[in-house]
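Asks: What shape does this take:
(one chain, ligands or ions: 2)
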Amino acid sequence: MDTHADRPDRIRKVAADWRIPPNLRDYAVACSAFSWEAVSDRLASGRDVNIARLAIDRHVEGGAGARIAFRFLSATGECRDLSYADLARLTDRFAHVLASLGIAKGERLFVLCGRIPELYIAVLGGLKYGAVVSPLFSAFGPEPIATRIAIGAGRVLVTTDALYRRKVESVRAQLPTLEHVLLVGTDDESTTPPGTDDFSTLLAAAPEAPFVGSTAVDDMALLHFTSGTTGKPKGAVHVHGAVATHYATGQYALDLHPEDIFWCTADPGWVTGTSYGIIAPLLHGVTSVVDAAEFDAERWYAILEAQRVSVWYTAPTAIRMLMKAGPELARQHRYPALRFIASVGEPLNPEAVWWGQDVLGLPIHDNWWQTETGGIMIANFAGLDIKPGSMGLPLPGVEAAIVQRGEGDESLRVLDAAAAQGELALKAGWPSMFRGYLGEDERYHRCFRDGYYLTGDLARRDADGYYWFIGRADDVIKSAGHLIGPFEVESALMEHPAVAEAGVIGKPDPVVGETVKAFVSLRKGFEPSAALKLALLGHARKRLGAAVAPKEIAFLPALPRTRSGKIMRRLLKARELGLPEGDLSTLESGA
Ligand code: ATP
Ligand code: MG
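Replies: Ligands and ions are numbered 1, 2, ... in the order given. All right, here's what the predicted structure looks like:
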């Protein structure tokens, strides 16, 4: 069996392999030369700090208006391009629409659409206007939609005619703040349901003139709800100044160069799909591919090839699904333009990093961040060695630390040793740091201690400064005096050729505290059996030792996950123990 256990623990980067010199080549030099002020000055150079203006109008003013900003691929195969100049014009118009509706700066605009051009126009036009924008995932049901609009006191909603009728009409009466609903895709103005307006009619009637407005660094810009992996989703508030992080991380962590064709597969309903599906690529003047359809292995390989994608940002869940579909499918296409692949959202198993190398000819670069951090904080860089299984190194300008909270009091111990293990914390103050959980001040303040933001994730730092994810503080298993991170156990199981996905939980046990139980879904061509269960238990014991290996394994056709693609271990646990399932608003249907 060819597993990463037999492979080197580093993927070395050598200059001879680079098609384009990476933006970050010498980590120490990049860090010492870095300052957030310099990034903000270079980006804004005297202009107002407004995410949309810096992302769009700056290029038009610089003469690059004809460049394609977005290439939209519809589910049925049509393709529509919007240039930077088109986008500047359409977002100006939408800002005028908001003005004509009497929306005040700072009021909330919700956008509930599939990945269609109007979503991008509304989000960016809303930012340009100075409204606070909250993109919602279009597969949410009526209740999650209503809850989020209510938390955000939404005043305007842009959605489609079909989504409105299916999901919003029934809850509209619960939303007294929601005055304006603009619908995309109505046949004509006369058919819009009562209490709604037609998006395209309003856009067409808006003045054809630049919108004049102004926003400042600390003005609230975006409201993003967390994935709900560990509980009820929280509404994280972000400001226009976050744009400096979007820019610096696009440069360093995604290695964007002006000629790139970039594909971020995340939906803008999650922070990744906004920070990196909309803002960062525009700031770098690149062309982004936007696919309206859902995941499909064959379709995705075809897009990578046909659109000549050069930088691809995706998620472990998608990579695992591609792995599940088998390497033959990947090899039916060629990817000569592809030069950099990154992933975020969950731990990326070493097997997945190597799969990229073996099947696509490029390793996958894991990076770590959260809705709260607004942008990438720890990353594997194009120009630096990868240690498969590690999240990489902190971005220049980001100070990460491993800390221990004191029992019960406010104290915090920062573990200074080169190699340390504990809670991952970030020195507060990077530009895209969230500025609040809407309506939950107390909870927000509890995230900070001694000048650090406490992430709630446990990690280890090695002697080279690379960070390794252990697990969410809530998911870590305590068994017979050992602290067991589910990721380590899941990664070991994934080395077995039968395993497509694994989710690991702790089960209360009167003797050892908790025992490890693994839930596993199988790759194509494998069937659940008692013999396979024994083989997996044996494999895990050999790799991890008896103290850490699972005591029990159960097969599931698929693991429950959030709509943003994260395994919901809390749900596996609740179901196993017969406990209440908690908030399921972000659970992928059918799971
Ligand atoms: P909630 O906070 O509502 O429970 P969530 O934490 O899943 O949901 P997000 O902000 O979307 O919501 O996800 C951030 C979390 O995802 C991180 O705290 C971490 O646990 C996990 N994560 C993201 N990227 C990585 C990565 N590269 N490796 C390991 N874990 C990651
Ligand atoms: Mg979280």
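Asks: Would you mind listing what in the chain touches ligand 1?
Replies: Proximity of the chain to ligand 1 is confined to 226-231, 233, 344-348, 366-368, 370-371, 391, 455, 457, 469, 472, 564, 566 under the rule C-beta under 6 Å from any ligand atom. C-beta coordinates here come from the backbone N, C-alpha and C atoms, glycine included.
Asks: now with 5 Å?
Replies: 226-230, 233, 344-345, 347, 366, 368, 370-371, 391, 457, 469, 472 (C-beta under 5 Å from any ligand atom).
Asks: so where's the stretch 401-550 of the chain shaky on pLDDT?
Replies: Counting by pLDDT under 70, the ranges of the stretch 401-550 of the chain that qualify are 408-409.
Asks: how about the helices in it?
Replies: Counting by DSSP state H, counting those that start in this stretch, the segments of the stretch 401-550 of the chain that form helices are 441-446, 486-494, 530-544.
Asks: and among these, the most buried is which?
Replies: By mean neighbour count, with neighbours taken as mean count of other C-beta atoms under 10 Å, helix 486-494 ranks first of the helices of the stretch 401-550 of the chain at a mean of 24.
Asks: Which secondary structure elements does that one sit against?
Replies: In terms of contacts (3 or more C-beta pairs under 8 Å, 6 or more residues apart in numbering; DSSP states H and E), helix 486-494 is packed against helix 350-355, strand 467-472, strand 499-509, strand 513-522, helix 530-544.
Asks: Looking at the stretch 51-200 of the chain, which residue is nearest ligand 1?
Replies: Proximity to ligand 1, evaluated over the stretch 51-200 of the chain using C-beta to the nearest ligand atom, is greatest for F137 at 11.5 Å.
Asks: Was I right to think that residue contacts W270?
Replies: Yes - taking C-beta atoms under 8 Å as the contact criterion, F137 and W270 are neighbours in contact, 6.9 Å apart.
Asks: wait, which of the helices of the stretch 401-550 of the chain is closest to A146?
Replies: Within those, the stretch nearest A146 is helix 441-446; the backing value is 21.5 Å (C-beta to C-beta).
Asks: give the contact list for H238.
Replies: 220-224, 374, 432, 434-435 (C-beta atoms under 8 Å, 6 or more residues apart in numbering).
Asks: could you check the distance from it over to ligand 1?
Replies: Taken as C-beta to the nearest ligand atom, to the nearest Å, the spacing of H238 relative to ligand 1 amounts to 12 Å.
Asks: Please name the nearest non-neighbouring residue to that residue.
Replies: Take H238 and drop its neighbours on the chain: the residue closest to it by C-beta to C-beta, 6 or more residues apart in numbering is L222, 4.3 Å away.
Asks: Just say helix, strand or coil for the one you found.
Replies: Applying DSSP: H, G, I helix; E, B strand; the rest coil to L222 yields a three-state assignment of strand.
Asks: what bridges to it?
Replies: When bridges are assigned using DSSP bridges, the partners listed for L222 are V133, H238.
Asks: Next, find the distance separating it from ligand 1.
Replies: Between L222 and ligand 1 the computed distance is 13 Å (C-beta to the nearest ligand atom).
Asks: hang on, that residue packs against W270?
Replies: No - the pair formed by L222 and W270 falls short of the contact definition of C-beta under 8 Å, at 11.8 Å.
Asks: shared neighbours, the two?
Replies: Once C-beta under 8 Å, 6+ apart is applied, it turns out that L222 and W270 contact no residue in common.
Asks: State the pLDDT value of A139.
Replies: In this model, A139 is scored at 88, pLDDT.
Asks: Assumed it was part of a helix.
Replies: No - read with three-state DSSP, A139 is coil and lies in no helix.
Asks: quick one: contacts for it?
Replies: A139 makes contact with 563, 589 under the criterion C-beta under 8 Å, 6+ apart.
Asks: give me the number of residues near the residue nearest to A15 when sequence neighbours are not counted?
Replies: Using C-beta to C-beta, 6+ apart and skipping the chain neighbours, the partner closest in space to A15 is P21 (7.9 Å). A count of nearby residues for P21, using other C-beta atoms under 10 Å, gives 11.
Asks: Relative to H284, how far out is P21?
Replies: 16 Å (C-beta to C-beta, to the nearest Å).
Asks: Kindly report the same for L522.
Replies: When distance is defined by C-beta to C-beta, L522 is 41 Å away from H284.
Asks: same question, V14
Replies: Taking C-beta to C-beta as the criterion, V14 is separated from H284 by 25 Å.
Asks: Between those two, point out the one with more neighbours.
Replies: Neighbours around V14 and H284, counted as other C-beta under 10 Å, are more numerous at H284. The numbers are 22 against 7.
Asks: show me the residues around that one that make contact.
Replies: With contact taken as C-beta under 8 Å, 6+ apart, H284 is in contact with 247, 250-251, 256-258, 260.
Asks: Going through those, which ones are buried?
Replies: Burial of the contacts of H284 was assessed by neighbour count (16 or more other C-beta atoms under 10 Å); the buried members are 247, 250-251, 256-257, 260.
Asks: tell me the SS of the residue nearest to A15?
Replies: Secondary structure, three-state DSSP: P21 is coil.
Asks: So for it, what's the pLDDT?
Replies: Reported pLDDT at P21 in the predicted model: 96.
Asks: how near is it to H257?
Replies: In this structure, P21 lies at 9 Å from H257, with C-beta to C-beta as the measure.
Asks: before we move on, what about R7?
Replies: As defined by C-beta to C-beta, R7 lies at a distance of 30 Å from H257.
Asks: What of V243?
Replies: Using C-beta to C-beta, V243 is found at 19 Å from H257.
Asks: Which parts of the stretch 201-350 of the chain are helices?
Replies: Listed from the start of the chain, the stretch 201-350 of the chain has helices (DSSP H, counting those that start in this stretch) covering 243-252, 271-274, 280-283, 297-306, 316-324, 327-331, 350-355.
Asks: again with the stretch 1-150 of the chain
Replies: Counting by DSSP H, counting those that start in this stretch, one finds helices in the stretch 1-150 of the chain at the ranges 27-33, 36-44, 51-52, 58-61, 84-100, 117-129, 142-152.
Asks: My read is that A502 contacts V489, right?
Replies: Yes - applying C-beta under 8 Å as the test, A502 and V489 come out as touching, 7.4 Å apart.
Asks: Out of the helices and strands in this protein, which is least certain?
Replies: Counting by mean pLDDT, DSSP states H and E, the chain has its least confident helix or strand at strand 482-484, which shows a mean of 85.
Asks: most centrally placed residue in this structure?
Replies: T272 (3.2 Å; C-alpha atoms, centre = their mean).
Asks: Now for the spatially closest residue to A428 that is not a sequence neighbour, how many residues are close by?
Replies: Taking C-beta to C-beta, 6+ apart, and ignoring the residues beside it in sequence, A428 has Y453 as its nearest neighbour in space, at 5.1 Å. Y453 has 21 neighbouring residues, counting by other C-beta under 10 Å.
Asks: before we move on, what about L362?
Replies: Taking other C-beta under 10 Å as the neighbour definition, L362 ends up with a count of 16.
Asks: same deal with R331?
Replies: For R331, which is what you asked about, the neighbour count (other C-beta under 10 Å) is 11.
Asks: Would you agree it is in contact with V359?
Replies: Yes - the pair R331 and V359 passes the contact test of C-beta under 8 Å, sitting 7.2 Å apart.
Asks: Now render the helices of the stretch 1-150 of the chain as JSON lines, adding distance to E169 and mean pLDDT.
Replies: Putting the helices of the stretch 1-150 of the chain into JSON lines (distance: least, C-beta to C-beta, whole Å; pLDDT from 0 to 100) gives the following:
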{"stretch": "helix 27-33", "distance to E169": "52", "mean pLDDT": "98"}
{"stretch": "helix 36-44", "distance to E169": "42", "mean pLDDT": "95"}
{"stretch": "helix 51-52", "distance to E169": "30", "mean pLDDT": "98"}
{"stretch": "helix 58-61", "distance to E169": "38", "mean pLDDT": "97"}
{"stretch": "helix 84-100", "distance to E169": "22", "mean pLDDT": "98"}
{"stretch": "helix 117-129", "distance to E169": "19", "mean pLDDT": "98"}
{"stretch": "helix 142-152", "distance to E169": "9", "mean pLDDT": "94"}
